[in-house]
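Enquirer: okay, predicted coordinates and the sequence, questions at the end:
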Amino acid sequence: MQIATWNVNSVKSRLDLLLRWLDEARPDLVCLQEIKCLDEAFPTAAIEDAGYSVAVHGQKTYNGVALLSRFPLEDVTRGLPGDESDEQARYIEAVVSTPGGAVRVGGVYLPNGNPVDSPKYGYKLGFMERLRAHAAERLLLEEPFVLAGDFNVIPEARDARRPEAWVGDALYLPDTHAAWRRLLALGLTDALRASDDEGGVYTFWDYQAGAWQKDNGIRIDHLLLSPQAADRLLGVRIDRHVRSWERPSDHVPVVAELAV
């Protein structure tokens with residue numbers, strides 16, 4: 001089973017690219033972030049025609065997450081628990097049933113948090129704590145669980161071409177790293193790092209200053225696995241060639257393969 005995450009950066013603007021990639025890569029389940037549209041504006045029909053069931057948690061203009069699946073989506077929940085006042089569409093979860101068993105998948109678009117001297121950084125850290133608490137509850141179920149998305153966290157220096165450029169940024173601050181470590185300390189496995197220990201592996205290249213051409217990238221798109229999912233991990237790949245397509249997202253898909 002191939003489970004992917006991709007910050008598509010506007011599903012309506014990138015629909016042709018999304019359909020091209022789905023046809024090429026044939027993932028079984030995709031967690032999309034930054035769809036930037038309401039549920040009713042999501043191109044559900046086109047994606048269903050490509051062979052996928054769809055679950056959407058959208059928001060006008062900003063944020064928004066969705067799940068695309070070749071298998072039935074069950075027990076779909078929208079929104080991250082812990083703050084009833086939070087209206088930002090950043091989390092969606094479902095159980096995916098396959099002939100080989102079920103997998104619970106949470107699709108997350110974690111806040112950027114910049115500028116750090118604004119309420120946005122406090123919101124980021126609060127969201128990360130809510131995500132940690134929710135993941136802790138899900139891990140009690142002792143089932144294959146994949147938490148996948150754009151985490152807006154650069155975990156280590158090797159996850160950035162120029163780590164010195166990110167000092168002081170919300171993606172790389174000590175408090176961000178501490179919150180990331182608390183999340184992993186629950187028993188979650190960073191799928192990429194379980195498969196590849198090398199640096200220079202990136203998932204995002206800014207549109208500015210020729211970042212893609214210079215390979216000035218960072219790794220901020222992650223798949224975190226429960227012990228039951230990590231035991232089934234076969235490998236991870238990054239479809240970085242998608243960044244070279246015309247009018248691309250600034251992120252590329254990351255795909256984990258599980259023996260399900």
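Expert: Thanks, I have the structure now.
Enquirer: could you use CA atoms for every contact and neighbour count after this?
Expert: OK.
Enquirer: grab the most central residue of the protein for me.
Expert: Note on the chain: the residue nearest the mean C-alpha position is Gly149, at 0.8 Å, using C-alpha atoms, centre = their mean.
Enquirer: what pLDDT does that residue get?
Expert: Gly149 is assigned 98 on the pLDDT scale.
Enquirer: spatially nearest residue to it (excluding sequence neighbours)?
Expert: The shortest distance from Gly149 to any non-neighbouring residue, by C-alpha to C-alpha, 6 or more residues apart in numbering, is to Val108 (4.8 Å).
Enquirer: report how many residues lie close to the one you found.
Expert: By other C-alpha atoms under 10 Å, the residues close to Val108 number 31.
Enquirer: could you do the one 5 residues further on as well?
Expert: The tally of other residues near Gly113 (other C-alpha under 10 Å) stands at 20.
Enquirer: who's in contact with it?
Expert: By C-alpha atoms under 8 Å, 6 or more residues apart in numbering, the residues touching Gly113 are Lys120, Tyr121, Gly122, Tyr123, Lys124, Ala170, Leu171.
Enquirer: try it again with 6 Å
Expert: The contact partners of Gly113, by C-alpha atoms under 6 Å, 6 or more residues apart in numbering, come to Lys120, Tyr121, Lys124, Ala170.
Enquirer: hang on, the earlier thing: partner residues bridging the residue nearest to the centre of the chain?
Expert: Val108, His222 (DSSP bridges).
Enquirer: where does Pro99 land on pLDDT?
Expert: So Pro99 comes in at 87 (pLDDT).
Enquirer: neighbours around it, how many?
Expert: When neighbours are counted by other C-alpha under 10 Å, Pro99 registers 7.
Enquirer: for Phe145, see how far away it is.
Expert: Per C-alpha to C-alpha, to the nearest Å, Pro99 is found 17 Å from Phe145.
Enquirer: same check on Pro27?
Expert: Per C-alpha to C-alpha, Pro27 is found 17 Å from Phe145.
Enquirer: mind putting the contacts of Gly113 into TSV with distance to Asp86 and neighbour count?
Expert: As requested, the contacts of Gly113 are arranged in TSV below (distance: C-alpha to C-alpha, whole Å; neighbours: other C-alpha atoms under 10 Å):
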residue	distance to Asp86	neighbour count
Lys120	13	16
Tyr121	15	21
Lys124	12	22
Ala170	20	25
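Enquirer: good, we can wrap up now.
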